[in-house]
Every structure is written in structure tokens, then in C-alpha cells.
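>>> fold the stuff below for me.
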Amino acid sequence: MKWNQAITDYKNYLKIERGLSTNSIENYCYDIKKLTSYLENHTISISPIEIDNNTIKDFIYSVSKTINPRSQARLISGLRNFFDYLIFEDYRETNPLDLIESPRIGRKLPDTLSIKDIDNLINAIDLSYQYNGVNLGERNRAIIETLYSCGLRVSELINLKISDLFFEEGFIKVTGKGDKQRFVPIGESTQKFINIWMSIRNHIDVQPESKDILFLNYKGKKLTRAMIFTVIKKLVAIVGLKKTVSPHTFRHSFATHLLENGADLRAIQMMLGHESITTTEIYMHVDRSHLSEVLNKYHPRK
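Below is the predicted model of the structure:
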């Protein structure tokens, strides 16, 4: 079996058996392609069935000079999953990464914004901003409000459809990782800002493939992930915020603020679309001072 065939088969497995999205599949295969590039650059002719522990060790040692421990751990995990798949399909009997340990890394806590930070960013939006006759200021406000108030991933935001909006019921339908769908509550103020954008959107010449997409550019096409990052980056610069802010920062802030205000962890898990509660539990570590305040206020023997 050649590497190209093995990677293609693995992609099909991740798509059909695991139900992963295209982005997730590409991320899974990124490290495998790093390995194959290493083999080519070092003129090592060996198949995925034949490759051994020593070759893998040499590869990991080589890349460890240029990536941090967290990236090393992700790379080792990704390769281990790939070779587990080959064992599952009876191409191999052993995993060449079985005796390779991942570097020890601390648990990375997500960056968060305060409510004041979020208010400042939203207030910095120029609502009169237009491009080619399209008011993009109102669109940008609706985007930031939706990111924060619904805790969406950036991929979920740009793929949000008009047919996914159930405002009368107070929910939106979100398609997350692996095309798994969930219903997320949406507040009246966010609904209002989306409706304002919708009144503008109705006058845009929308491209056929984007007819049902909520957020569009001035050409009537679906937004890219990069565009959302750009909008946020400009707002951060205007406000002068000394934090690294990405679309995911609003999602983290959404979960943290809910927890701080007494929301149930299970409810937060469902709204975020986390498959495991352990993923959501990271927010329990974000603001220890808040948890101390809760203990002091409510515990009978404080």
C-alpha cells in the first residue's frame, strides 16, 4: 500500500465512519502529510505498512526543533490515530507510535473577554460603514452579537442559514462538527440585529449558491473564515484591546459568562455542542476567583 492510497482510504473512513467535517479531516491528515514530506526529503522509501518505530522517532525529533510541545502532542496523537486505523483494517499488526510518549503540557485555558470588552468592541463598529452601496456595519454588528450570544464556532457562523432561524421559538439550528445539529437559544436583542441585517440583505444581488446563507459579503457570496478574523482584528485595533482575540474568544467568553452567572454545566455543554462534558469542564478552571465567591456566599460552613 502506498501513502497516497492509505491517506485517501483514511479520509473516506473519517468521513463515512466517523462523520467528520472536511476541515476536521484535513486537520487529521495534515500531520500524515508532514511525515510523508519528511520521508521524501530524506529519500526514505518505505510504505505505511513497513514504517517502524525508529523512523517515526527520527521524524518527531526532526520536527520537534520547529514546533512547540502542544503541537508535538497533537502530531503524535494524529499519527497514532492513523496507524490505529491501519491496524483496524488489518494492514498492520502494531502501531509504530505505541512506545512514543507525548510531551507533557499544561492545560491551556481559553482566553476570555470581559462584558465591558465585548461592549467596547460592539460599540466600536461603524454602523454607517458601506461598501459598494451595501451597509456592512450592520452586518458586522449582527455577526459579533451572534458569535457571542450563541457561542458559535466561526465555521458554524459562516454556514448559518436563514432557514435555520426559528425566532418565534427563540432558537437557531446550528450545524457543528461532523454535521451534528443542535438548537441554541437566541436572545431578542440578537434577533433584532439579525433582522436589521436581513432588511439590508434583501437588497443584495445574492449568488445562487448562497441564497439561504445568512451572512454575505457585498457580492452576495458566503463569507470566509478569514473575513470574520479580519472584522474582529480591526475592531480590536480600534479599541486598543491588549488581548489576542479571535472568533473563538467570543465562544469562550459566552461559556465563561454563563458559568459565572450560575448556568448548569450540562446546559452549557449542549449549547456549545461539545460531545463530551470533559471538554466543557475546562471552563470550571477559567475564573477560580468566581468559584471562591460562590463558595463563600452559599456554603453553610464557609
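>>> got a list of what Leu136 touches?
In this structure, Leu136 makes contact with Tyr129, Gln130, Tyr218, judged by C-beta atoms under 8 Å, 6 or more residues apart in numbering. C-beta here means a position set from N, CA and C on the backbone, and glycine is covered the same way.
>>> let's have the residues you listed in CSV, adding neighbour count.
Compiled in CSV, these are given as follows (neighbours: other C-beta atoms under 10 Å):
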residue, neighbour count
Tyr129, 13
Gln130, 13
Tyr218, 15
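>>> take those and write them to JSON lines, including pLDDT and distance to Glu40.
Supplementary listing: the contacts of Leu136 in JSON lines, determined by pLDDT from 0 to 100; distance: C-beta to C-beta, whole Å:
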{"residue": "Tyr129", "pLDDT": "93", "distance to Glu40": "48"}
{"residue": "Gln130", "pLDDT": "91", "distance to Glu40": "50"}
{"residue": "Tyr218", "pLDDT": "93", "distance to Glu40": "43"}
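>>> which members of the residues you listed occur in strands, if any?
Gln130 (DSSP state E).
>>> just the closest of the contacts of Leu136 to Phe83, please.
Proximity of these to Phe83, judged by C-beta to C-beta, is greatest for Tyr218, which lies at 47.1 Å.
>>> now the closest one: how far from Ala124?
Relative to Ala124, Tyr218 is positioned 21 Å away (criterion: C-beta to C-beta, to the nearest Å).
>>> so which strand or helix has Lys15?
Assigned by DSSP states H and E, Lys15 belongs to helix 3-16.
>>> for Ile238, same thing?
helix 225-239.
>>> again with Gln191
In this assignment (DSSP H and E), Gln191 forms part of helix 188-201.
>>> list the buried ones in that helix?
Along helix 188-201, the positions that meet the burial threshold by neighbour count (16 or more other C-beta atoms under 10 Å) are Thr190, Gln191, Phe193, Ile194, Ile196, Trp197, Ile200, Arg201.
>>> how about stretch 196-215?
Buried residues in stretch 196-215, counting neighbours by 16+ other C-beta under 10 Å, are found at Ile196, Trp197, Ile200, Arg201, Ile204, Val206, Ser210, Ile213, Leu214, Phe215.
>>> got it, and stretch 89-97?
Taking 16+ other C-beta under 10 Å as the neighbour-count basis, stretch 89-97 is seen to contain the buried residues Arg92, Asn95, Pro96, Leu97.
>>> end to end, how far does that stretch reach?
Taking C-alpha to C-alpha, to the nearest Å, the first and last residues of stretch 89-97 lie 17 Å apart.
>>> need the contact partners of that stretch.
Outside of stretch 89-97, the residues that reach it under the criterion C-beta under 8 Å, 6+ apart are 1, 6, 9, 48-49, 51-53, 55-56, 76, 79-80, 83-84, 86-87.
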